[in-house]
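In: I would like to see how this sequence folds:
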Amino acid sequence: MTLQRGLVIGVDIGTSSSKGVLVDLDGVVLASAARQHEPSRPRVGHVEMDAVLWWREFTEIARELTATAPGPVVAVGVSGMGPCVLVTDEASAPLRPAILYGVDTRASREIELMNDEFGAEEILDRCGSMLSSQAVGPKLAWIAENEPDVWRRARRLYMPASWLVFNLTGEYVLDHQSASQSTPLYDTTALDWHLPWADRVRGGIDLPRLAWSGDVAGHVTKEAADATGLTPGTPVIVGTIDAWSEAVSVDAQNPGDLMLMYGTTLFMVNTSAVRSTHPALWGTVGAFEGTFNFAAGMATSGAITSWLKGLFGDVDYPTLLAEAAASPPGANGLLMLPYFAGERTPINDPDARGVIVGLTLDHTRGDLYRAALEATAFGIRHNVEQMRAAGATIDRIAAVGGGTQGGLWTQIVSDVTGLDQQIAMTTIGASYGAGYLASRLVADTSIAAWNPARHTVRPDPATRALYEALFASYLQLYPQTRDTAHELAALQRSS
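Out: The predicted structure follows:
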């Protein structure tokens, strides 16, 4: 490989913002930029975003970063939330807003029909995951059933990273990791599209070619250069889904690693050298060839704290964190189920709903905020225990994302789970991981050298007995309230 000095840009399209970093080839962040946005929720269970926004925000971020770059940008990295469903015509013009990942729960009926057609166990065995709100196939079927005019014109399928790649290079390509979450279109044993099933689901859509996340997808076109400030001919990687780019950013893509991504939603990725399946988890291929994952995802985490902040009015996050820290472990007798947008793993129930038990007139907003942080921690523990029951090896845990700032949330998670968590020097996350993957095109440096561990969060043994008891109550609370939650979910859909 020919080594050359220069800079790289990494950009990630997330649920609530797009973020970009300008990084040198030693991993030093020279500049960052962000644009805030929100998905639209046109109906209960429907979560969408305009893909035109993704490209516009990328161009703004790229121009901002290149304007002050002290050297040439020699490679571009991309990542984005997913798996998402953006259908376009043959010219790659979007036909409707993109349907987002597992937080969008519209395709419950299509999941049932697809399980009947292909067989639930057969899907798990071939694709690595059961059908759920995370899966691409049922959402395509929903479009076919509910928007026939769109479906007749649909010719391409994109996700945020692949959409950026197309706009930058003109290439139609998807990484294997993202494809492996396109259940039931992809075979995680053959590492290829499973055409007998894909042909039954995709209608007139031409499936993208497949490559690995760090491969060169193409090069910046003259048109894209004019829009972004990048140099024509600059290589662009294929990219991947944000959680996997987050894992790369903190060197958590090796067998035995578990990445915890603290964000609007919460994601966990455990890496192995062997393929495994479990009905409560997502079995995927890894960001790198030769690796496989158990993945788990909670539909809400930071989204709950944002919701609470909005309810509380004119108050900032540092104040809320300080008040939550003043509330004792157990939040003065509050227990919350964090299923405010249904739940993904391990219960796979789009009609689950948030529950708060134990409220009195004496409770404060600090108690509620702490209860939300503890609810997320209980959800993490629930998923970790499922992973271990499925045979996962967890030797090292790396935490990443905005929720690692301040220390309270990560400490609560360690206390509830009984697990150490390593916090890296840089916790920016997916955009930094995308930048690192891009840097591999022009330099030979390990992510461990780029981003070593800064400190380790260790559980407080004094909280163990209390959190053991509360976790047992947490596990009971969902089955005790499930029927009522489902009745209310049906009422919400009809209103």
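
In: tell me the average confidence for the helix ranked longest in the chain?
Out: Ranked by number of residues, the top helix in the chain under DSSP state H is helix 464-494. The pLDDT scores in helix 464-494 average 97.

In: Which neighbouring elements make contact with that helix?
Out: Packing partners of helix 464-494 (3 or more C-beta pairs under 8 Å, 6 or more residues apart in numbering; DSSP states H and E): strand 335-337, strand 355-357, helix 365-389, helix 408-417. The C-beta positions use only the backbone N, C-alpha and C, and glycine is treated the same way.

In: Turn these into TSV, including distance to residue 83, mean pLDDT and mean neighbour count.
Out: Formatted as TSV, the helices and strands packed on helix 464-494 follow (distance: least, C-beta to C-beta, whole Å; pLDDT from 0 to 100; neighbours: other C-beta atoms under 10 Å):
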stretch	distance to residue 83	mean pLDDT	mean neighbour count
strand 335-337	25	98	22
strand 355-357	28	98	16
helix 365-389	18	97	23
helix 408-417	25	97	23
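
In: okay, those in a markdown table with distance to residue 233 next?
Out: Shown next, in a markdown table, are these (distance: least, C-beta to C-beta, whole Å):
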| stretch | distance to residue 233 |
| --- | --- |
| strand 335-337 | 52 |
| strand 355-357 | 55 |
| helix 365-389 | 43 |
| helix 408-417 | 42 |
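
In: between these, which gets nearest to residue 205?
Out: Counting by C-beta to C-beta, residue 205 lies closest to helix 365-389 out of these; the figure is 32.2 Å.

In: Figure out how far the closest one is from the centre of its chain.
Out: Here helix 365-389 is found 17 Å from its chain centre; the criterion is C-alpha atoms, centre = their mean, to the nearest Å.

In: who wins for proximity to residue 194 among the helices and strands packed on helix 464-494?
Out: Using C-beta to C-beta, the helices and strands packed on helix 464-494 put helix 365-389 closest to residue 194, at 25.4 Å.

In: helices or strands next to the closest one in the packing?
Out: Using 3+ C-beta pairs under 8 Å, 6+ apart: helix 365-389 touches strand 257-262, strand 266-272, strand 292-298, helix 302-312, helix 317-326, strand 335-337, helix 408-417, helix 464-494.

In: right, so of the helices and strands packed on helix 464-494, which gets closest to residue 103?
Out: Counting by C-beta to C-beta, and looking across all of those, nearest comes helix 365-389 at 14.4 Å.

In: after that closest one comes which helix or strand?
Out: Next helix or strand after helix 365-389 toward the C-terminus (DSSP states H and E): strand 396-400.

In: Run the angle between that following strand and helix 365-389 for me.
Out: 140 degrees (axes from the mean of the first three to the mean of the last three C-alpha atoms, to 10 degrees).

In: Mind listing residues that contact strand 396-400?
Out: 246-247, 249-252, 256-262, 410, 413, 419-424, 427, 429, 453, 457 (C-beta atoms under 8 Å, 6 or more residues apart in numbering).

In: of these, buried ones?
Out: 246-247, 249-252, 257-262, 410, 413, 419, 421-424, 427, 429, 457 (16 or more other C-beta atoms under 10 Å).

In: what's the span of stretch 163-179 from first residue to last?
Out: Stretch 163-179 stretches 14 Å from its first residue to its last (C-alpha to C-alpha, to the nearest Å).

In: That one - what's its average pLDDT?
Out: 98.

In: For that stretch, buried residues please.
Out: 163-169, 171-179.

In: One more: stretch 232-248?
Out: 234-248.

In: among these, which are in helices?
Out: Going by DSSP H, the helices hold 242-248 from those.

In: Show the contacting residues for the nearest residue to residue 416 once chain neighbours are set aside.
Out: Leaving aside its sequence neighbours, residue 416 sits nearest to residue 377 (C-beta to C-beta, 6 or more residues apart in numbering; 3.7 Å). By C-beta under 8 Å, 6+ apart, residue 377 lies in contact with 412-413, 415-417.

In: repeat for residue 434
Out: 10-12, 77-79, 237, 239, 245.

In: Let's see that with 6 Å instead.
Out: Contact analysis of residue 434 by C-beta atoms under 6 Å, 6 or more residues apart in numbering lists 10, 77-79, 245.

In: tell me which of these is nearest to residue 222?
Out: Distances from residue 222 to the contacts of residue 434, taken by C-beta to C-beta, are shortest for residue 78, at 19.0 Å.

In: Now the residue nearest the centre of the chain: closest residue in space, sequence neighbours ignored.
Out: Per C-alpha atoms, centre = their mean, the C-alpha nearest to the average position across the chain is that of residue 243, at 4.4 Å. Distances taken as C-beta to C-beta, 6+ apart place residue 267 nearest to residue 243, at 4.0 Å, with adjacent residues excluded.

In: Specify the beta-bridge partners of residue 157.
Out: residue 87 (DSSP bridges).

In: was I right about it contacting residue 205?
Out: Yes. Counting by C-beta atoms under 6 Å, residue 157 touches residue 205, with 5.2 Å between them.

In: Compare the two (neighbour count), which wins?
Out: residue 157 (23 against 17; other C-beta atoms under 10 Å).

In: now that one: how far from residue 372?
Out: 35 Å (C-beta to C-beta, to the nearest Å).

In: again, but for residue 271
Out: Taking C-beta to C-beta, one finds residue 271 at 29 Å from residue 372.

In: For beta bridges, what are the partners of the closest residue to residue 407 other than its chain neighbours?
Out: Counting by C-beta to C-beta, 6+ apart, residue 407 lies nearest to residue 457, which is 7.6 Å off, once chain neighbours are set aside. Per DSSP bridges, the residues bridged to residue 457 are residue 421.

In: wouldn't residue 457 be in contact with residue 410 here?
Out: Yes. With contact defined as C-beta under 6 Å, residue 457 reaches residue 410; the gap is 4.8 Å.

In: what's the overlap in contacts for the two?
Out: What both residue 457 and residue 410 touch, as defined by C-beta under 6 Å, 6+ apart, is the set residue 421.

In: ok, the closest residue in space to residue 322 that isn't next to it in sequence - contacts?
Out: The shortest distance from residue 322 to any residue other than its chain neighbours is 8.0 Å, reached at residue 366 (C-beta to C-beta, 6+ apart). For residue 366, the contact set (C-beta under 6 Å, 6+ apart) comprises 323-324, 326-327.

In: Let's see that with 10 Å instead.
Out: Applying C-beta atoms under 10 Å, 6 or more residues apart in numbering, we find residue 366 in contact with 319-327, 331-332.

In: now do residue 194
Out: 118, 123, 126-127, 182-188.

In: could you redo the last one with a cut-off of 7 Å?
Out: 126, 185-187 (C-beta atoms under 7 Å, 6 or more residues apart in numbering).

In: Would you check how far apart residue 443 and residue 260 are?
Out: 28 Å.

In: how many neighbours does residue 189 have?
Out: 12.

In: To clarify, my last question referred to residue 333.
Out: Residue 333, neighbours per other C-beta under 10 Å, totals 15.

In: returning to that earlier point: I'd like to know which of the contacts of residue 434 are part of helices.
Out: Counting by DSSP H, the contacts of residue 434 contribute residue 245 to helices.

In: Ranking by neighbours, what's the top pick from the contacts of residue 434?
Out: residue 79 (38 neighbours).
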